[in-house]
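Novice: Fold the following, please.
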Amino acid sequence: MIIHEEKVKQKMERINEVRELKRIGLSNIEISRRTGLDRKQLEDILMKTLIRFMLPMAKRNGKLTPYIKTIDEYLERGMMGSYIVEKIHEMGYDGSSSTVRHYMTDWKKRRKKNITIEVEKMGQKQK
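Specialist: This is a model prediction of the structure:
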């Protein structure tokens, strides 16, 4: 396990090095000389970087998507998770209850974070 983690770390360091060298304007030939990567490896890293930053992944609609608004409303009202799962199953949701629980956990974390930010802003205004 440690060997795998070390290899992943080394690979990420190499990818970041290539990205940085390209960012500062070096040619592919010069980057290849400095890193020891062949042309194909270098092009692969740069293409993946381009795709990653230029073409963001589209959000895919999942089984839960049609029920998000309803779940949000129930959570705002303070309803329990088990009740929410039961209600959306009655509405036709056929996904797992763990997916709903994960969504609710994330929702609560986002809400807590937003409340914390609002309280901090209020504190700054009073000063």
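
Novice: Find the nearest non-adjacent residue to E43, please.
Specialist: Excluding its sequence neighbours, the residue lying closest to E43 (Cβ to Cβ, 6 or more residues apart in numbering) is N28, at 7.4 Å. (Glycine included, C-beta is placed from N, CA and C.)

Novice: so what's the one you found up against?
Specialist: 39, 42-43, 46 (Cβ atoms under 8 Å, 6 or more residues apart in numbering).

Novice: show me where pLDDT drops low in the chain?
Specialist: 1-2, 51-60, 116-127 (pLDDT under 70).

Novice: Flag every buried residue along stretch 15-26.
Specialist: Across stretch 15-26, burial judged by 16 or more other Cβ atoms under 10 Å covers 18, 21-22.

Novice: possible to save the residues you listed as TSV with distance to R101 and secondary structure?
Specialist: TSV is the format used below for those (distance: Cβ to Cβ, whole Å; DSSP: H, G, I helix; E, B strand; the rest coil):
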residue	distance to R101	secondary structure
V18	40	helix
L21	45	helix
K22	42	helix
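
Novice: Return the closest of the residues you listed with respect to V85.
Specialist: Closest to V85 out of those is V18 (46.3 Å), distances taken as Cβ to Cβ.

Novice: Before I go, just wanted to say thanks for your time.
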